[in-house]
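*Asks:* Coordinates for the following, if possible.
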Amino acid sequence: MSFTVRFDDHHQEIIFGGVMRPKAADELQVVHDAVKEALQCISGTLSLNFKRLNNLNNVAFRELAAIFGDVCEQQPQLQLKIICSSVVGWAMRKFQLLARISPNIAVEHYDRNFYPGQRVLEDGSFIPALRAQTKMTWRHERHILPRHGLRPEMHVADICCGVGDFAALVQKEFKPGRMLALDHARSSLDYARKAAAESGITDIEYIYGDAAALLLEDDEFDFVMCRHALQVFNEPELIVKELYRICKPGGRVYITNEKISECAGEPYSESIQWTYREVAKLFAHFDMDAECGPKGQRLLQEGGFDDLKMEMFIVTNRESNPRDFADMIQAWENVYAGKMSAARGDSPEFNARFRRGFQDHMATALDPKGYAAWPIWVASGRKPL
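*Replies:* As a prediction, the model looks like this:
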């Protein structure tokens, strides 16, 4: 079969995956069996997880409707919760029809609240920050990546790729045998595809996807990157689990994250430090962790990786373009002291002080005598053979 059906009794959940295109209803006996198994040991709510189901034909849809309808009729005390993802575009539209069968069936658009800060970071306003950050880190990472196992001809995935510019640089520098770049922000992917077309880049697969439920095969990539991303998920361990799954045995996963409170600048150090400590609190308000950087090795170790490697590098205005550094800070101010601060309901007085720290940091970056620093933690681990 090209689809899978599995009952998880711990979570009271039936998980569907793959492509469900039977020619006859009797090819879905495995669904009947999973539902029968579930009904023997659950109470309350049975979740029907379709996040990984790529496709579904009408034969399958009619049979699922009949199965779920029978359950609602035979066990009216049971609730059925159908879980869909916007990554699979047809799913919500199709499964909403099943909710009409019975008031006991509900459909959940699970990634509408993919993570609490999603709407702030996925609307395109963060694109300038992503572009500036890549400019600042590439001069370091092009030398760091080989130390963590990246080699030419590898099959490489960039999960949470943002605007895709880092994937393009890896493609140019390391000549991978395959390069896939995935993100959940449509605005970022639109930008990435347009930039790639304008640059004549045709050998990167830019795809829309959910990092917590990737529609990618097991053991598919030699090297998996996930940069500046775990810090914006409220459950980063779910992302690490997916990175592990798609990585080949013996392959490596490479992550980078910040500890934002350790951004520094001279002069104006007191103002700058106060603002970045408040950035960390702001992220925490949205259940994100801008202090995630030093935790990377632990996250990988707990995710099952071995042969762990970790290092830290500091981006400064002394070894990079001061204007690029200032542009990056300006992009941070626009988002953190703009939409995010407003969404939290910060007072005008707080916001004025908050912005002052960013502006002072920009001033230190542009001052020939000033010093501005942004620390990044790198960690990687091998998927055991």
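
*Asks:* which other residues reach the helix or strand hosting L145?
*Replies:* Assessed by DSSP states H and E, L145 sits inside helix 127-147. With contact meaning Cβ atoms under 8 Å, 6 or more residues apart in numbering, helix 127-147 is reached by 162-163, 165-166, 169-170, 173-174, 187-188, 191, 228, 254, 256, 309, 311, 313, 315, 319-321, 324-325, 327-328, 330-332, 334-335, 374, 376, 378. Yep, even glycine has a C-beta here, placed from its N, CA and C like the rest.

*Asks:* what's the closest non-adjacent residue to R62?
*Replies:* Leaving aside its chain neighbours, R62 sits nearest to A25 (7.4 Å; criterion: Cβ to Cβ, 6 or more residues apart in numbering).

*Asks:* and if you look at I201?
*Replies:* The nearest residue in space to I201 (Cβ to Cβ, 6+ apart) is A168, at 5.7 Å.

*Asks:* Can you tell me how far the one you found is from N257?
*Replies:* 21 Å (Cβ to Cβ, to the nearest Å).

*Asks:* cool, and D367?
*Replies:* 28 Å.

*Asks:* what about these two, which has more around it?
*Replies:* N257 (26 against 16; other Cβ atoms under 10 Å).

*Asks:* host element of that one?
*Replies:* strand 247-258.

*Asks:* pLDDT (mean, whole number) over stretch 75-93?
*Replies:* Averaging pLDDT along stretch 75-93 gives 87.

*Asks:* looking at this, V35 is in a strand?
*Replies:* No - assessed with DSSP: H, G, I helix; E, B strand; the rest coil, V35 is helix; it does not lie in a strand.

*Asks:* residues near it, how many?
*Replies:* 21.

*Asks:* Distance-wise, check the nearest residue to it once chain neighbours are set aside relative to R151.
*Replies:* Nearest residue to V35, sequence neighbours excluded (Cβ to Cβ, 6+ apart): I67, at 5.9 Å. Note on I67: its distance to R151, by Cβ to Cβ, is 48 Å.

*Asks:* ok, those two, which is more surrounded?
*Replies:* Comparing I67 with R151 by neighbour count (other Cβ under 10 Å), the higher total belongs to I67, at 17 against 14.

*Asks:* Let me know whether H155 touches F174 as I believe.
*Replies:* No - the criterion here is Cβ atoms under 8 Å, and H155 misses it with F174 at 11.8 Å.

*Asks:* Surely the residue nearest to V35 and H32 touch.
*Replies:* Yes - if you go by Cβ under 8 Å, I67 and H32 touch, sitting 6.5 Å apart.

*Asks:* on that earlier part again, elements contacting the strand holding N257?
*Replies:* Contact here means 3 or more Cβ pairs under 8 Å, 6 or more residues apart in numbering; DSSP states H and E; on that basis strand 247-258 packs against helix 127-147, strand 221-227, helix 236-246, helix 296-302, strand 371-382.
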